[in-house]
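*Asks:* sequence and predicted structure are below.
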Amino acid sequence: MDSLSALKIIKEAVPHFILSDEISHGEAIIIAKREHLLEIAGFLKNDERLSFNLLCDLFGVDYPKKAERIEVIYNFYSVTNNCRIFVKVRSKMDETGHPSLTPLYNAANWFEREVYDMFGLKFQGHPDMKRILNPDDWDGHPLLKDYPLRKRPTPDKLNYDTPGYVELDKLK
Amino acid sequence: MGIEEHLGDNILSTSLDKIVSWGRKWSIWPATFGLACCAIEMMTVASSRYDYDRLGLIFRSTPRQADLLIVSGRVSYKMAPMVKRIYDQMPNPKWVIAMGDCASSGGLFNVYSIVQGVDRIIPVDVYVPGCPPRPEALLYGIVKLQEKIEKGTIKHEQPPVVLK
Amino acid sequence: MFEYKDFLIEVEKFPLNVGPTHPSTHGVLRVLVQLDGEVVVNAEPIIGYLHTSMEKYAEFRTYHQAETITDRMDYVSGASNNLGYILTVEKLCGVKAPKRAEYVRVILAEFTRIASHLVWLGTHAVDLGALTEFFYCFREREYILDIIETVTGARLTPSFYRVGGLAKDFPKEFVEKSKKFIKTFPDRISEYEALLTKNKIWLERTRNLGIISAEDAIDFALTGPSLRGSGVKYDIRKANPYSSYEDFDFEIPVGDRGDVYDRYLVRMEEMRQSTRIIGQAIDNIPEGEYLSYDEYPSYVIPPKKRALTTMEGMISLFKYGMEGIKPPKGEAYHSIENPRGELGYYMVSDGSGFPYRMRVRPPSFCNISALNAMAKGHLLADLIAIMGSVDILLGEVDR
């Protein structure tokens, strides 16, 4: 099955979850409604014709000029059908109702933590919403477009109280 | 060695300096501590073609038994306290090689998460340029360090740490 | 009378910190383990100690400058990472490389796959106490790096591909050296296997360990040998062939139990298959151009000879150097089969000379996220074996 026929099935079955769809460089992209994200992901995973069982990727893109500036892109892949589909969901930065996909896919756990770390978008229903790549006390969310590339912490900011860390302040 | 405290820098200890420095020179034990790309080249130096055992180097898995820290790769701000801690855990006398551009100056990655040179955290004795340096370059760096150790005294003065 | 259990002290979930500088974590992985006696109750990987902000940095570099970031991401298989990146940019621009370039790309990618598996095998065996394996593996790895160096000029970080082809044509000795290598290499693999595959200690330490079922593996988005060890026959080289992989005849090895030993066997067989692919490709490298400059002059760098002899070539080389390429507005995703799994790039272009967003789909990142599921209930010493069998690379986990 190719992406186009998968897109056709989805559009016929759940048209009310979809805002729009497009084809970009041979990949089918669905722009979905945020409140129906869990339902559409559940449909993609459990429908016998589709069975998108591998959540291949989940990441954000920042469009600072738009009102809903964070665009979260889900990359679903079906191992049985060898088919790929992208689902886009837009959110504001302080959006609280962006559903987490952790009930459906274990893989979503770390991906969503990364999106939170990089963009500051909190997922509703995530079991362990904390930073993953940057230190826990990091200031800001680096992949936002208004975060400067070379904004480094000053030495006085580098005091970690966690066991296993050394306070760099005292070494002066 | 434990006798450093009892011997001062005087005329009696000068010939002893030579013997001790000679011994230190041929038994540099680096800590097994790899960070990024350069760590792969550091492993290669230990492997069959380059074989740095002939220079008296043996990897020690704990910093307590090591006297050389090869900072092989980029140091992030999350990792920086650990690097400092490992350095502090090593007994005196100790030396540091900053391997590669990233450890020396930040190199390619002039970005928010990378410490711009490990010499902002710990004192560095030898810088090895390259991205990543060839194994031969690291071996040359070690030979340079040996030359430095040879000139040292029994009472090895640790350079001060200046945080930038 | 006292019984044995009266002497036991109740310690629930003894916490133990492994890493981030533990010798067997292969870099700077930190695992927070909770133990019940010597049994792992919970193993939580903590990552980010090598976070290099590559996705952010790529937004500040032109499309070709960003290529140099990608091979520092997965530094054991640099040519493979470059391939994924360049294919994505080519997809974005609508450029296709000539057949000759595609074959050389395949050869380099397969060589890095072998080199990467050799690093994995050497370090994995050292973790489990087989030190000789390390010296054997790095001996052959040096030959591979020599070959890569003859073509690209660098050992680990080639950055040799360009949009629409290669930076330059390969030298003559590349073919001879490669042929010489693939002639001897299958024997060397047998040499490695003679030390391990039927070794009693190796079997005891790897069999029935870190089992992950096919459903769980897919649920955790494992890819590559970690997924194929569980019996799922998913390899992008076969599923969606890219860069002329459809021309070559090779098998995809799969395991059946999904334990550490199966993943070991899969990788050993993959090295043999890679040798086969290289053998077929090196015999059939087509003649012709190595850059498709004639078809797509607006995106492809002019070959050096053209740039130095013709005026148009010179002008376009200058333009190329000063401005870089400007792909049309749009989004593209392309994934390749990295030694560790599916490495995908999602590029968003806004029509300027810099990528608007470069997203890397990291295979090791997903693979290590399943560590807890694999290690639960096993002994602490086996955690090391499981960690080694997943074959993570922290540069790519943290990016």
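*Replies:* That came in fine, so what should we check first?
*Asks:* show me what from chain B comes close to chain C.
*Replies:* B:32-37, B:39-41, B:43-44, B:47-49, B:61, B:73-74, B:76, B:78-79, B:82, B:86, B:108-109, B:111-114, B:131-132, B:134 (Cβ under 8 Å from any Cβ of the partner chain). Yep, even glycine has a C-beta here, placed from its N, CA and C like the rest.
*Asks:* can you flag which of those residues belong to helices?
*Replies:* Among the residues of chain B next to chain C, the members found in helices (DSSP state H) are B:37, B:39, B:40, B:41, B:43, B:44, B:82, B:86.
*Asks:* for the closest residue to residue B:56 other than its chain neighbours, give me its contacts.
*Replies:* Spatial nearest neighbour of residue B:56, excluding adjacent residues (Cβ to Cβ, 6 or more residues apart in numbering or on different chains): residue B:26 at 4.1 Å. Shown in contact with residue B:26 (Cβ atoms under 8 Å, 6 or more residues apart in numbering or on different chains): B:55, B:56, B:146.
*Asks:* related to what we said a few turns ago, now list the buried members of the residues of chain B next to chain C.
*Replies:* B:32-37, B:39-41, B:43-44, B:47, B:73-74, B:76, B:78-79, B:82, B:86, B:108-109, B:111-114, B:131-132, B:134 (16 or more other Cβ atoms under 10 Å in any protein chain shown).
*Asks:* where does pLDDT dip in the stretch 1-150 of chain C?
*Replies:* C:1-2, C:4-12 (pLDDT under 70).
*Asks:* up against chain B, what does it have?
*Replies:* C:20-21, C:23, C:27-28, C:48-53, C:56-57, C:68-69, C:72, C:75-76, C:119, C:122-123, C:134-135, C:138-139, C:141-142.
*Asks:* what packs against the element among helices and strands of chain B having the smallest mean pLDDT?
*Replies:* Least confident helix or strand of chain B, by mean pLDDT, DSSP states H and E, is helix B:13-25 with a mean of 82. Counting contacts by 3 or more Cβ pairs under 8 Å, 6 or more residues apart in numbering or on different chains; DSSP states H and E, helix B:13-25 packs against helix B:135-150.
*Asks:* can you list contacts of the helix it packs on?
*Replies:* Under Cβ under 8 Å, 6+ apart, the answer for helix B:135-150 is B:21-22, B:24-26, B:28, B:41-42, B:44-45, B:49-50, B:52, B:55, B:57, B:68, B:70, B:95, B:97, B:99, B:125-130, B:133.
*Asks:* what is the burial count for residue C:135?
*Replies:* 15 (other Cβ atoms under 10 Å in any protein chain shown).
*Asks:* now do the same contact list for the closest residue to it other than its chain neighbours.
*Replies:* Excluding the flanking residues, the one nearest residue C:135 by Cβ to Cβ, 6+ apart is residue B:48, at 4.6 Å. Residues counted as contacts of residue B:48 (Cβ under 8 Å, 6+ apart) are C:135, C:138, C:139, C:142.
*Asks:* just the buried residues of the residues you listed.
*Replies:* C:138, C:142.
*Asks:* isn't residue B:74 right up against residue B:35?
*Replies:* Yes - between residue B:74 and residue B:35 there is a contact at 6.5 Å, judged by Cβ atoms under 8 Å.
*Asks:* hey, what's in contact with both of the two?
*Replies:* B:103, C:50.
*Asks:* residue C:210 should be in a strand, yeah?
*Replies:* No - going by DSSP: H, G, I helix; E, B strand; the rest coil, the assignment for residue C:210 is coil, not a strand.
*Asks:* what's around it, how many residues?
*Replies:* With other Cβ under 10 Å as criterion, residue C:210 counts 28.
*Asks:* ok, and the closest non-adjacent residue to residue 74?
*Replies:* This is for chain A. residue A:87 (4.3 Å).
*Asks:* hmm, I had chain C in mind actually
*Replies:* In space, residue C:74 is closest to residue C:396, 4.3 Å off (Cβ to Cβ, 6+ apart).
*Asks:* now do the SS call for the one you found.
*Replies:* Looking at residue C:396 with three-state DSSP, the answer is helix.
*Asks:* OK, contacts around it?
*Replies:* C:73, C:74, C:340, C:360, C:362, C:363, C:364, C:365.
*Asks:* ok so the first one is a strand residue?
*Replies:* No - counting by three-state DSSP, residue C:73 is not found in a strand; it is coil.
*Asks:* for it, phi and psi?
*Replies:* In this entry, residue C:73 is assigned phi and psi values of phi -80, psi -60 (degrees, to the nearest 10).
*Asks:* next one: the last one
*Replies:* Backbone geometry at residue C:365, expressed as degrees, to the nearest 10, gives phi -60, psi -50.
*Asks:* cool, the fourth one as well?
*Replies:* Backbone torsions of residue C:360, given as degrees, to the nearest 10, read phi -110, psi 130.
*Asks:* so it makes contact with residue C:342?
*Replies:* No - look at residue C:360 against residue C:342 with Cβ under 8 Å: they stay out of range, at 11.1 Å.
*Asks:* out of the contacts of residue B:48, who's nearest residue C:381?
*Replies:* For the contacts of residue B:48, the residue nearest residue C:381 by Cβ to Cβ is residue C:135; the value is 23.5 Å.
*Asks:* TSV for the ones in helices among the residues of chain B next to chain C, including distance to residue A:57?
*Replies:* Below are those laid out as TSV (distance: Cβ to Cβ, whole Å):
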residue	distance to residue A:57
B:37	24
B:39	27
B:40	27
B:41	31
B:43	31
B:44	33
B:82	30
B:86	35
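*Asks:* pLDDT and distance to chain A added to those, as CSV?
*Replies:* Shown next, in CSV, are these (pLDDT from 0 to 100; distance: Cβ to the nearest Cβ, whole Å):
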residue, pLDDT, distance to chain A
B:37, 86, 18
B:39, 89, 19
B:40, 89, 22
B:41, 90, 25
B:43, 88, 25
B:44, 90, 28
B:82, 84, 8
B:86, 86, 10
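*Asks:* give me the three-state assignment for residue A:28.
*Replies:* Quick answer, by three-state DSSP: residue A:28 is strand.
*Asks:* for the residue most central in space within chain B, helix, strand, or coil?
*Replies:* For chain B, residue B:96 is the residue whose C-alpha lies nearest the centre (Cα atoms, centre = their mean; 2.4 Å). Assigned with three-state DSSP, residue B:96 falls in the strand class.
*Asks:* kindly report the same for residue A:101.
*Replies:* coil.
*Asks:* how near is it to chain B?
*Replies:* Distance of residue A:101 to chain B, given as Cβ to the nearest Cβ, to the nearest Å: 27 Å.
*Asks:* ramachandran coordinates for the closest residue to chain C within chain A?
*Replies:* Nearest residue of chain A to chain C (Cβ to the nearest Cβ) works out as residue A:107 at 3.5 Å. Here is the backbone geometry of residue A:107 (degrees, to the nearest 10): phi -60, psi -20.
*Asks:* try residue C:296
*Replies:* Residue torsions, per degrees, to the nearest 10, at residue C:296 are phi -130, psi 70.
*Asks:* ok, it - contacts?
*Replies:* C:93, C:94, C:95, C:164.
*Asks:* relative to chain A, which of those residues is nearest.
*Replies:* Distances from chain A to these, taken by Cβ to the nearest Cβ, are shortest for residue C:94, at 8.3 Å.
*Asks:* now that closest one: how far from chain B?
*Replies:* Counting by Cβ to the nearest Cβ - residue C:94 and chain B are separated by 30 Å.
*Asks:* quick one: neighbours of residue C:283, just the number.
*Replies:* 9.
*Asks:* quick check: the gap between it and residue C:175.
*Replies:* Relative to residue C:175, residue C:283 is positioned 9 Å away (Cβ to Cβ, to the nearest Å).
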